Every structure is written in structure tokens, then in C-alpha cells.
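Novice: The sequence and its predicted three-dimensional model are supplied below.
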Amino acid sequence: MLQTIGILLLGFLAGYWGGLVGLGGGVIVLPVLVLLFGMSQHVAQGTTLAMLLPPIGILAVITYHQKGLIDWRVAGLLCAGFVLGGWLGARLAVSLPTDVMRKVFAAGLFVISLKMFFYK
């Protein structure tokens, strides 16, 4: 029961953070599932992707659309590339050892955070 409440709270916090700054699944949920809930990197990644599918297309997008804050042409192009990239990336990810995936994920977050921190 405590784990269920923790996971529900994690989902809420990730959704809140995602709505606020556009981050959530990969940056918050995935590390917490691995570090606090003991999931393997692969299971956490698959679970996070499954979690993102329904809500990303619903309330957050409606809110941004109502304010005129979506460039639908760019979103459509990103989506087309994302579908192909997601499929190819997932095929590679499931073939790699867990420790390699964890290091790739951590390195990616590190590089992105440095880039954002020093962005002018």
C-alpha cells in the first residue's frame, strides 16, 4: 500500500513538474523508479514511456493549445521524427546491458544540464 501511494505521488509530482517546466518522465520518474523503487533501468524506461503516452496528449496539451502556445507544424514534424527515433532507440536500449543503459542515461542528463546551465 505504501509503495502504491509513493508511486501515485511520484506520478503527481512528475505531472506537476512536467506542466510547469516541460520535464517529468525521463528526468524525474525514471531515476526515482530505479533508485527508490528498485526497478532495473530497462523496466523503469519502459514503464516511464508507457506512463507518458496517455497524459502527454491530453490535459497539458489542451492547456497550452488554449493559450495559443503550440506550433502545430513543428509539433507534427517532431512527432514524426520521434516515432521513428523512439522505435530505433528502444530497439537498441533493450539490447544493451542495464549498467550501460544507466550510464548512458546519466551522461545524457549531465550533458543536457551543463548545456542548460551555461546557455546564453
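Specialist: Cool, the structure landed.
Novice: For the top helix by length along the chain, which outside residues touch it?
Specialist: The longest helix of the chain (DSSP state H) is helix 72-93. Residues outside helix 72-93 that contact it (Cβ atoms under 8 Å, 6 or more residues apart in numbering): 42, 45, 49, 101. Glycine gets a C-beta too; all of them are placed from N, C-alpha and C.
Novice: what about Leu52, distance to Ala60?
Specialist: Remark: distance between Leu52 and Ala60 (Cβ to Cβ, to the nearest Å) = 11 Å.
Novice: most neighbours, which of the contacts of helix 72-93?
Specialist: Gln45 (24 neighbours; other Cβ atoms under 10 Å).
Novice: Does that residue belong to a helix, a strand or coil?
Specialist: helix (DSSP: H, G, I helix; E, B strand; the rest coil).
Novice: residue contacts, it?
Specialist: Residues near Gln45 by Cβ under 8 Å, 6+ apart: 30, 93, 101, 105.
Novice: sorry, back to before: out of the contacts of helix 72-93, which are inside helices?
Specialist: Members of these lying in helices (criterion: DSSP H): 42, 45, 49, 101.
Novice: Would you mind listing the two of the contacts of Gln45 that lie farthest apart?
Specialist: Using Cβ to Cβ, the pair of the contacts of Gln45 lying farthest apart is Leu30 and Ala93, separated by 11.8 Å.
Novice: higher neighbour count, those two?
Specialist: Each of Leu30 and Ala93 has its neighbours counted (other Cβ under 10 Å); Leu30 has more, 23 against 17.
Novice: Now Ala107: which helix or strand?
Specialist: Assessed by DSSP states H and E, Ala107 sits inside helix 98-117.
Novice: what angle separates that helix from helix 72-93?
Specialist: Orientation check (axes from the mean of the first three to the mean of the last three Cα atoms, to 10 degrees): helix 98-117 against helix 72-93 gives 150 degrees.
Novice: ok, back up a step: need the worst-confidence member of the contacts of helix 72-93.
Specialist: Lowest pLDDT within the contacts of helix 72-93 is found at Leu49 (84).
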